[in-house]
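> Provided below are the primary sequence and the corresponding predicted coordinates.
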Amino acid sequence: YFGFPTVMPSKSEKFNSLGELKTSLEKNEFWYAGHGNMFNIRAKKDIVIINIGVHYIYDHLKSLEVWVYKGRWTEAQSDASAWNLLGSRDIRGRGKEQITSLQNPPWLELNIAAGEAYGIYIRFSDHASGLLSPPSKNE
């Protein structure tokens, strides 16, 4: 299923001293438990993405997929043929407000040149829900 994401990030984040880009785990009154998350990464300088962490709450083993689209995700949100599957990895959730890492899978090395934008879509292989996102400030 390629469609609207659960939420969009509420603001741009910055890299920390370790070179990690972390999104907020801030929450309002509730979390969204969605079927996947779509977001954009626009590089201000050349970057390489080698790992992704997700907010998965359940203590079940699930297969997580990472898809990419060269451009903004909104340009291809309903066109599955435009997206490329980078790979999948079995993960086990760690609970609320805990990040579950994909552990640097060998298939994840996404080079993004300065000025380029990529849409990223993270979902479970069986299309189940369970990826948490805080509500965006626009909702």
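Received the coordinates, thanks. Numbers count the residues shown, from 1 in each chain.
> From here on, just use CA atoms for contacts and neighbour counts.
Noted.
> Report the beta-bridge partners for R42.
On the basis of DSSP bridges, R42 is bridged to A117.
> so who does it touch?
A114, G115, E116, A117, Y118 (CA atoms under 8 Å, 6 or more residues apart in numbering).
> any idea whether the residue nearest in space to the middle of the chain is helix, strand or coil?
The chain has I122 as the residue nearest its centroid, 4.7 Å off, counting by CA atoms, centre = their mean. Counting by DSSP: H, G, I helix; E, B strand; the rest coil, the backbone at I122 sits in strand.
> tell me the pLDDT at it?
Predicted confidence (pLDDT) for I122: 90.
> beta partners of the closest residue to it other than its chain neighbours?
Of all residues not flanking I122 in the chain, V66 sits nearest, at 4.8 Å (CA to CA, 6 or more residues apart in numbering). Bridge pairing for V66 (DSSP bridges) gives the partners G87, I122.
> I'd like to know how far V66 sits from K44.
To K44, V66 is 22 Å away according to CA to CA, to the nearest Å.
> more crowded one of these two?
It is V66, of V66 and K44, that has more neighbours when counted by other CA atoms under 10 Å, with 22 against 12.
> just to revisit the earlier point, next up, the contacts around the residue nearest to the centre of the chain.
G36, N37, M38, L64, E65, V66, W67 are the contacts of I122 under CA under 8 Å, 6+ apart.
> Distance from the helix or strand where V48 lies to the middle of the chain?
According to DSSP states H and E, V48 maps onto strand 47-49. Remark: strand 47-49 is offset 14 Å from the chain centroid, using CA atoms, centre = their mean, to the nearest Å.
> ditto for stretch 68-82
In terms of CA atoms, centre = their mean, the centre of stretch 68-82 is found 14 Å from the chain centre.
> Strands of the chain, start to end?
Secondary structure of the chain (DSSP state E): strands at 32-34, 36-42, 47-49, 53-54, 61-70, 84-92, 100-101, 110-112, 117-124, 131-133.
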